[in-house]
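S.K.: With the sequence up front, the predicted model follows.
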Amino acid sequence: MSAEARNWFNALSPYRTAKNGRAIFELLITLIPFLGLWAGIWGLLQAGHYWAVIGLIPAGGLLVRLFIIQHDCGHQSFFSGRRANDWTGRFIGILTLTPYDHWKRGHALHHAGSGNLDRRGIGDDILTMTVEEYRALSAWGRFKYRVYRHPVVMFGIGPALVFIFFHRIPMGDMKKGKPWAGVLLTNAGVALLYALVIWGVGWKVFLLIQVPTVLVGATIGVWMFYVQHQFDETHWSRTGEWDRKHAALEGSSYYALPAPLMWVTGNIGIHHVHHLSSRIPFYNLPSILKAYPELTKVGRLNFTQSLKTVKLALWCETTKRMVSFRMAKTAC
């Protein structure tokens, strides 16, 4: 299977070319609608049309798409040049509340060790324990892990804390100059942008629009990241057996969403291909599935199937599957 993954990696080489014109186009058709929607909601609210708050959902979706552009910049895959990628990523980071340089480093660590049981907890991984590790915990330790994996925390409280608070301080990187400086610059940019917007529209309207938009975007983003690695037949293995390309292809899902949702989420649902070759721009991913339809059968999840992953919380090393707390008592 490792050889098969390497063959796929080589076959996808032609798709690893960034197209600057296409990148600019994708940026404009995301940023302009986002800003326009924000301004439109504000205008309608000023006129007393409070139903306009429904627009906060698509605004949050567009914020996710901006994050995916920032994500591709971090992989140096959006534009062909490093400077264009880095400065675009830093600018978008002000809108997504995500310090680009700090996040890029952590995400690279995630890619470097994804699916390796001996390298969990690095980068932006979602903490995943094995059944045996969970059984060895104290009652307090089990309680804390259950709280962490509870849907309200994982998809509600957690995303809000991460994007609004935790991204303001580069925990673990305070002694490393560039990530720390990048966080400070991002925070300064956020403060300046928010001050200008509040000056223009007032703090009440700002909070009514911006906070829900960020929360919707954060929740969608964490959900996408969760589904892409926390599914039934994902792949985990120990260092001696672990192969990066095999783990990338088999340990990441293909989240088969309807075309509009795939567009909003920047095709990140084609995650098995992205993990196999992160230098492929997101705008090239659909072409790969058209050229190689057999890849649509690897780790495939539709929306209904993805909802069932919420209960999966532990990795069973015996059966090589993700299991729920209840299943861990009898099925592992």
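M.R.: Sure, I can see it.

S.K.: rest of the way, CA atoms for contacts and neighbours
M.R.: Fine.

S.K.: next structured bit after the one helix or strand Ile220 maps to?
M.R.: Take DSSP states H and E as the rule and Ile220 turns out to sit in helix 203-227. Sequence order places helix 244-250 as the next helix or strand after helix 203-227, per DSSP H and E.

S.K.: can you list contacts of that next one?
M.R.: 1-2, 4-6, 9, 112-116, 234-236, 272-273, 275-276, 298-299 (C-alpha atoms under 8 Å, 6 or more residues apart in numbering).

S.K.: how about a cut-off of 10 Å?
M.R.: 1-9, 111-116, 229, 233-237, 251-252, 271-278, 295, 298-299 (C-alpha atoms under 10 Å, 6 or more residues apart in numbering).

S.K.: Going through the residues you listed, which ones are buried?
M.R.: 5-6, 8-9, 111-116, 229, 233-237, 251-252, 271-278, 295, 298-299 (16 or more other C-alpha atoms under 10 Å).

S.K.: Go through these and flag which are in strands.
M.R.: Of the buried ones among the contacts of helix 244-250, none are assigned to strands by DSSP state E.

S.K.: So which residues of the chain form strands?
M.R.: Under DSSP E, the chain gives strands at 129-130, 254-255, 300-301, 314-316, 321-323.

S.K.: Strand partners (parallel or antiparallel) of the third one?
M.R.: This means strand 300-301. strand 254-255 (parallel) (DSSP bridges).

S.K.: contacting residues around the strand it pairs with?
M.R.: For strand 254-255, using C-alpha under 10 Å, 6+ apart, the contacting residues are 224, 227-229, 262, 267-274, 295-303, 305-306.

S.K.: Take these and keep only those in helices.
M.R.: Judged by DSSP state H, those include Met224, Val227, Met262, His271, His272, Val273, His274, Phe303, Gln305, Ser306 as members of helices.

S.K.: Now do the same contact list for the second one.
M.R.: This means Val227. 252-255, 269, 271, 301, 303, 305-310.

S.K.: Retrieve the pLDDT associated with the nearest residue to Thr98 once chain neighbours are set aside.
M.R.: Closest residue in space to Thr98, ignoring its immediate chain neighbours: His167 at 6.0 Å, by C-alpha to C-alpha, 6 or more residues apart in numbering. Looking at His167, its pLDDT is 89.

S.K.: before we move on, the earlier item: and of the ones in helices among the contacts of strand 254-255, the nearest to Thr213?
M.R.: Checking these against Thr213 with C-alpha to C-alpha, the nearest one is Met224 at 16.6 Å.

S.K.: coming back round to it: output the contacts of Val227 in JSON lines; the columns should cover distance to Val183 and pLDDT.
M.R.: Listed next are those as JSON lines, based on distance: C-alpha to C-alpha, whole Å; pLDDT from 0 to 100:
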{"residue": "Ser252", "distance to Val183": "29", "pLDDT": "94"}
{"residue": "Ser253", "distance to Val183": "31", "pLDDT": "95"}
{"residue": "Tyr254", "distance to Val183": "32", "pLDDT": "97"}
{"residue": "Tyr255", "distance to Val183": "31", "pLDDT": "97"}
{"residue": "Gly269", "distance to Val183": "28", "pLDDT": "96"}
{"residue": "His271", "distance to Val183": "27", "pLDDT": "96"}
{"residue": "Leu301", "distance to Val183": "35", "pLDDT": "96"}
{"residue": "Phe303", "distance to Val183": "35", "pLDDT": "95"}
{"residue": "Gln305", "distance to Val183": "37", "pLDDT": "95"}
{"residue": "Ser306", "distance to Val183": "33", "pLDDT": "96"}
{"residue": "Leu307", "distance to Val183": "34", "pLDDT": "96"}
{"residue": "Lys308", "distance to Val183": "36", "pLDDT": "95"}
{"residue": "Thr309", "distance to Val183": "33", "pLDDT": "96"}
{"residue": "Val310", "distance to Val183": "32", "pLDDT": "96"}
